[in-house]
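Visitor: need a structure here:
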Amino acid sequence: MSGIFLLRAGAAAALAASLAACGGSSSTPSTGGGGGGGGGGNGPLLSRIVGVGDSLTAGEQSDALLGADISPNPLGSESPFPYVPNTQGHGYYALLWSQANGGANPLTVPDSPLPLMAPPGLGSILLPTTSGGLTSIVAPCQGPAAVATTFSTALSTRINPTVKPLDVAVPGQTLREAIVMKAPVAPCNGAGLPPQELLLNGIVQPEDVNLWPVLANFGQGVTQLQAAVSLKPTLAVVWLGSNDLLKYADSNGAFPPTTQSQFQSDTINVITSLQRAGAKVAISNLVDVLDAALYTKVGNLPAIFTEALAPYGVSQAEAQVLAAQTQAYLLSTYGLGNNAYLLLSGSAKIEGAVIYALENGIPLQQALAAQSAQLIAGDYFSDAVAAQTQLNNNAYNQAIANAAKQTGAALVDTHALVASIVANGGYYPLPSNPKCCFLYYGGGFFSLDGIHPSDTGYALLANNWIAKINSAYAANIAPLSASQIAAINAADLYSPH
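Guide: Okay, the predicted model is just below:
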């Protein structure tokens with residue numbers, strides 16, 4: 001399966017909006033629940049666990065950061081979700097911190113280690129609709145995003161604006177940006193950017209909007225790495241580099257890729273800076289980003305069409321013909337061969353065209369050529385960009401491994417974890433829910449944006465981090481038990497049941 005044929009009318013608009021959307025106070029750092037994060041006698045190692053990274057460490061889901069549930073769902077009967085779930089409390093860092101602190105609630109104010117974003121949250125807040133599409137309760141560049149790029153107002157987006165968070169991860173940042181970025185590049189709408197950079201504004205915008213809401217407590221002109229070092233962490237968890245891959249791919253190669261040597265040098269810089277501040281460091285490598293549900297490989301369309309069109313009464317032979325016609329159209333119109341990829345927004349447009357053609361008895365070519373089905377920048381990337389993305393992915397993982405070996409940091413092999421789920425066709429040790437967890441869109445591992453994990457996906461990642469930290473540093477953090485993961489999955493609105 002894939003993202004295609006799991007979205008319906010309206011999804012393309014919502015996804016396009018999400019992809020192209022959009023004075024600090026001094027305070028005492030949060031030390032966590034349970035008397036400063038000792039985790040019931042785990043010692044000084046766990047007394048201050050600092051998170052360094054991007055949206056994955058921040059706990060983003062469905063294109064948003066949200067520090068509290070919104071109940072009831074403001075969409076009411078227009079959405080199957082009874083409420084809007086918080087995202088930050090479900091992230092892998094929040095779960096790791098909670099387990100190290102005897103089960104403390106990471107959303108409790110003022111003890112939370114997180115920069116809790118006040119409802120309606122920061123981002124597009126994607127939600128499902130009863131019609132089968134996606135929508136958002138926040139318009140691009142409005143609400144919190146309208147004040148997030150001004151230093152004096154950025155902390156008004158927070159539930160806990162006077163607390164220096166321990167999780168200083170900034171969604172959208174590349175590895176290099178975590179080291180050097182001190183201020184937003186442009187307002188949410190890209191005003192002031194040179195014309196050649198406007199195309200990239202939808203890709204670089206998230207870190208602009210998230211930077212000061214996360215870091216403003218540390219003062220103006222402070223980078224993420226500087227903030228982390230100032231906290232004097234005893235344990236630092238680092239996960240950076242995914243955006244180096246995503247920005248290159250999602251811009252169809254317009255965003256210049258980081259070289260392997262620069263990536264390794266910057267990784268060593270991050271690790272050693274944290275070590276000099278007194279931290280033991282655990283660093284994760286990168287998953288194969290092209291396995292994310294965000295992406296649909298053009299070469300997989302025949303198999304996807306065969307399965308997805310069966311409920312419409314389309315035979316396997318007919319589905320194969322429709323897939324071949326679609327592939328031919330994508331090649332002739334956009335130069336996309338079988339190794340190219342559609343993003344969810346592009347998949348939604350193709351899906352809408354196929355279904356429209358079937359329901360109205362018109363030629364597929366005509367439906368694909370309709371204005372509503374036309375692909376734009378951000379809907380796809382080429383065969384060559386896909387190949388280079390995988391090469392970059394491999395190179396960065398080698399750089400992370402080299403840096404960990406050189407510095408003595410603990411290497412968390414997230415790549416192997418997710419690769420095993422891909423190889424096995426899914427994650428199966430959930431007898432309470434055999435429908436979860438698979439990496440295709442709607443399969444339960446990812447949230448609605450197709451790139452950030454579900455509650456269940458983050459729980460699996462958290463245990464992977466805990467296992468490595470325990471083995472490398474004798475931390476004695478209790479992993480999430482099978483019953484805990486089953487309970488998380490049972491309440492996970494992103495998981496099919």
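
Visitor: make it CA atoms for all contacts and neighbour counts henceforth
Guide: Fine.

Visitor: I'd like the next helix or strand past the lowest-mean-pLDDT helix or strand in the chain.
Guide: Least confident helix or strand of the chain, by mean pLDDT, DSSP states H and E, is helix 33-37 with a mean of 35. Per DSSP states H and E, helix 33-37 leads on to strand 49-53 as the next helix or strand towards the C-terminus.

Visitor: which helices and strands does that following strand pack with?
Guide: Packing partners of strand 49-53 (3 or more Cα pairs under 8 Å, 6 or more residues apart in numbering; DSSP states H and E): helix 224-230, strand 235-239.

Visitor: if you set the cut-off to 6 Å instead, what comes out?
Guide: If you count contacts as 3 or more Cα pairs under 6 Å, 6 or more residues apart in numbering; DSSP states H and E, strand 49-53 packs onto strand 235-239.

Visitor: show me what contacts residue 492?
Guide: The contact partners of residue 492, taken as Cα atoms under 6 Å, 6 or more residues apart in numbering, are residue 455.

Visitor: Which of the three states applies to it?
Guide: Secondary structure assignment for residue 492 (DSSP: H, G, I helix; E, B strand; the rest coil): coil.

Visitor: and the gap between it and residue 158?
Guide: Distance check for residue 492 against residue 158: by Cα to Cα, to the nearest Å, it reads 24 Å.

Visitor: What is the end-to-end distance of stretch 122-133?
Guide: Length of stretch 122-133, first residue to last, Cα to Cα: 21 Å.

Visitor: got it, and stretch 106-118?
Guide: For stretch 106-118, the end-to-end distance is 15 Å (Cα to Cα).

Visitor: what are the phi and psi values for the spatially closest residue to residue 51 that is not a sequence neighbour?
Guide: Leaving aside its sequence neighbours, residue 51 sits nearest to residue 167 (Cα to Cα, 6 or more residues apart in numbering; 4.3 Å). Main-chain torsions, residue 167, degrees, to the nearest 10: phi -90, psi 100.

Visitor: Measure how buried the nearest residue to residue 64 once chain neighbours are set aside is and give me the count.
Guide: Spatial nearest neighbour of residue 64, excluding adjacent residues (Cα to Cα, 6+ apart): residue 123 at 4.3 Å. Neighbour count of residue 123, defined by other Cα atoms under 10 Å: 29.

Visitor: Surely residue 123 is in contact with residue 62?
Guide: No - counting by Cα atoms under 6 Å, residue 123 sits too far from residue 62 to count as a contact (8.7 Å).

Visitor: which stretches of the stretch 1-150 of the chain have low pLDDT?
Guide: 1-43 (pLDDT under 70).

Visitor: Which stretches in it count as strands?
Guide: In the stretch 1-150 of the chain, the strands defined using DSSP state E, counting those that start in this stretch lie at 49-53, 64-65, 122-123, 126-128, 134-136.

Visitor: For residue 265, which of those strands is the nearest?
Guide: strand 49-53 (16.4 Å; Cα to Cα).

Visitor: which parts of that closest one are buried?
Guide: Residues of strand 49-53 classed as buried: 49, 50, 51, 52, 53 (neighbour count, 16 or more other Cα atoms under 10 Å).

Visitor: Run through the helices of the stretch 251-400 of the chain in chain order.
Guide: Assigned by DSSP state H, counting those that start in this stretch, the stretch 251-400 of the chain shows helices spanning 260-276, 301-308, 316-334, 344-360, 364-368, 383-407.
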